[in-house]
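> A predicted structure for the sequence below; I have some questions about it.
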Amino acid sequence: MPALSFPPFPDDVPTHPLLVIDYALLKSRDPQEIDRLWEAATKLGFWYLKNHEVTEEVSRMFDLGAEAMALPLEEKLKFEQGDDGTSAGYKAAGANAVDATGEKDTVEFINVSKDDALRWPSHTSNRRYPEPIERQMDTVVRPFVQKSLEVNRTVLSIFNDKLGLPEGALLNQHPMDEQSGCEARIIKNPPMPHNAQKRAIGAHTDFGSLSFLHNRLGGLQVLAPGSDDWQYVKPIPNHAICNIGDALSVFSGGILRSNMHRVLPPPGEQSAYERWSLVFFTRPGNSKVLRALVESSPIIATSVKSKPEKSFETGVTAKEWFARRVRYQRIANRKGPESWMASRGTEANPAAA
């Protein structure tokens, strides 16, 4: 299993303070906590989440990830996600670019489709997975997916009300019975000297609606609005890091912020350790068109009118948006800097590295 004891996060590196949101209070619809969540979601788009009730499931997923990643590379490559824009499966280190120059990433990860996890042993995505994952799909992966969905759907329902949408409007963009890009991702990055500054994952915004991240070492950095300086997000034990993705930003007419972030080696002495992280991505149903919900909310309509320089009519479905962004990060599909640009989302500064 991944190591549980690490050197402390250093106190001499720049960090960005995130609001700590209490999930227990969100579930009880505490007005003050909802207002704090709204502040986090509209200003930076990132926040810590405590009391999220997924700690045991996260621990078991980390153990499963270690077992699966320990397989020989040739075995893992049998489950490679491929270059056509599909995401479920294994991605080897170096298969993606981190910037327009074509520099390769350093992480390997395994994505498990929500649709497969919930309907197993049916293979909704026509994807098979390494043996440890298939063996523990019912006992480890499915419980993590189910609880992660519960957390993110609770947050979506709160945003729905704050945006002045009809009841259930945002959840209707994320139907449980429609195939989607929702997935669990187990990520491993090797030890690396911090002074190498080699990016594990390049600067990006997330593809979907909400990301629910669990990590034990530093490395995640955010680019705060109006700043040119990257700052670390310090891990806090048993606190998830949550953020808004492109789809939710578009649906809300830019009210909810999909913010730039990247992953570097952990700072200080932590860089000598493998960096493991676990994410659940909530994304819209494949058929949902990414466009601002202006007809359903005067609040969103007003926001769109106030941002004439931006377009919230993407003209594509969530499936098409997701596939484009996945496809053009792949080194195998690279033709030049234009490939990297084709993989970009809603970020304000697509040249940021």
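Everything's here; your move. Numbers count the residues shown, from 1 in each chain.

> Do a quick rundown of the strands in the stretch 1-150 of the chain.
If DSSP state E, counting those that start in this stretch is used as the criterion, the strands of the stretch 1-150 of the chain fall at 20-22, 46-50, 89-91, 108-113.

> Need the contact partners of the longest one.
This points to strand 108-113. Strand 108-113 is touched from outside by 65, 68-69, 76, 79, 81, 87-93, 124-125, 127, 129-130, 133, 137, 141, 145, 182-188, with contacts defined as Cβ atoms under 8 Å, 6 or more residues apart in numbering. Where C-beta positions appear, they are placed from N, C-alpha and C, glycine not excepted.

> swap in stretch 146-156?
With contact meaning Cβ under 8 Å, 6+ apart, stretch 146-156 is reached by 23, 26-27, 37, 49, 52-54, 57, 114, 118, 170-171, 174, 176, 182, 184, 209-210, 212, 242, 248, 280, 282.

> quick one on the thing from earlier: of the strands of the stretch 1-150 of the chain, which is nearest residue 9?
strand 46-50 (13.8 Å; Cβ to Cβ).

> For that closest one, name the packing helices and strands.
The helices and strands touching strand 46-50, judged by 3 or more Cβ pairs under 8 Å, 6 or more residues apart in numbering; DSSP states H and E, are strand 20-22, helix 31-43, strand 240-244.

> 10 Å instead?
strand 20-22, helix 23-27, helix 31-43, helix 142-162, strand 210-215, strand 240-244 (3 or more Cβ pairs under 10 Å, 6 or more residues apart in numbering; DSSP states H and E).

> now these as TSV including mean pLDDT, distance to residue 107 and mean neighbour count?
Below are those laid out as TSV (pLDDT from 0 to 100; distance: least, Cβ to Cβ, whole Å; neighbours: other Cβ atoms under 10 Å):
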stretch	mean pLDDT	distance to residue 107	mean neighbour count
strand 20-22	98	27	18
helix 23-27	98	28	17
helix 31-43	98	26	17
helix 142-162	98	20	20
strand 210-215	97	12	24
strand 240-244	98	17	25
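
> And those: which comes nearest residue 224?
So among the helices and strands packed on strand 46-50, helix 31-43 is nearest, using Cβ to Cβ, at 9.0 Å.
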